[in-house]
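S.K.: Dropping the sequence and predicted coords here.
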Amino acid sequence: MVKVVLSNPMLALTQGARELEFAVSNYRELTLALCARWPQMAALIERSAVAIDGQIYQDAFAEPLASGSEVFFMPRIEGG
């Protein structure tokens, strides 16, 4: 199981559920599972950065996920 921690903008879709668990093996499967359950989540995921086990990614599409991994979605910071 992979633990997912959602940021505040996503909580309205999940009725306030901040932490979820999914049986997936990679980031793509995780996003598909989230969007199957909450179709509006796709737009929020697209505008999010993600941390997988503490490593921050702007694009984690191909990243594998091991059982016990923690995935944290956060608002993407633009600019520089």
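M.R.: That came in fine, so what should we check first? Here the structure is a predicted model, which is why all the values come from computation and not from measurement.
S.K.: okay, now Val30: neighbour count?
M.R.: Check again: residue 30 is Leu, not Val. Counted with other Cβ atoms under 10 Å, the neighbours of Leu30 add up to 25. Where you see a C-beta, it was placed from the backbone N, CA and C, and this is true even at glycine.
S.K.: Mind listing what's buried along the helix or strand encompassing it?
M.R.: Using DSSP states H and E, Leu30 sits within helix 27-37. For helix 27-37, a neighbour-count test (16 or more other Cβ atoms under 10 Å) marks 27, 30-31, 33-34 as buried.
S.K.: Likewise for stretch 66-80?
M.R.: Using 16+ other Cβ under 10 Å as the test for burial, stretch 66-80 gives 69, 71-74.
S.K.: rewinding a little: list the buried ones in the helix or strand just after the helix holding Leu30?
M.R.: The C-terminal neighbour of helix 27-37 among helices and strands, as given by DSSP H and E, is helix 41-46. Within helix 41-46, the residues scored as buried using 16+ other Cβ under 10 Å are 41, 44-45.
S.K.: helices and strands around the very next helix or strand once past helix 41-46, which ones?
M.R.: Per DSSP H and E, the first helix or strand lying C-terminal to helix 41-46 is strand 48-52. In terms of contacts (3 or more Cβ pairs under 8 Å, 6 or more residues apart in numbering; DSSP states H and E), strand 48-52 is packed against strand 55-57, strand 70-75.
S.K.: Export the buried residues of helix 27-37 to CSV and append columns for pLDDT.
M.R.: Formatted as CSV, those follow (pLDDT from 0 to 100):
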residue, pLDDT
Tyr27, 94
Leu30, 96
Thr31, 95
Ala33, 97
Leu34, 96
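S.K.: follow-up on the earlier one: turn the buried residues of stretch 66-80 into a markdown table, including pLDDT and distance to Val4.
M.R.: Shown next, in a markdown table, are the buried residues of stretch 66-80 (pLDDT from 0 to 100; distance: Cβ to Cβ, whole Å):
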| residue | pLDDT | distance to Val4 |
| --- | --- | --- |
| Ser69 | 96 | 9 |
| Val71 | 96 | 5 |
| Phe72 | 96 | 8 |
| Phe73 | 93 | 7 |
| Met74 | 89 | 12 |
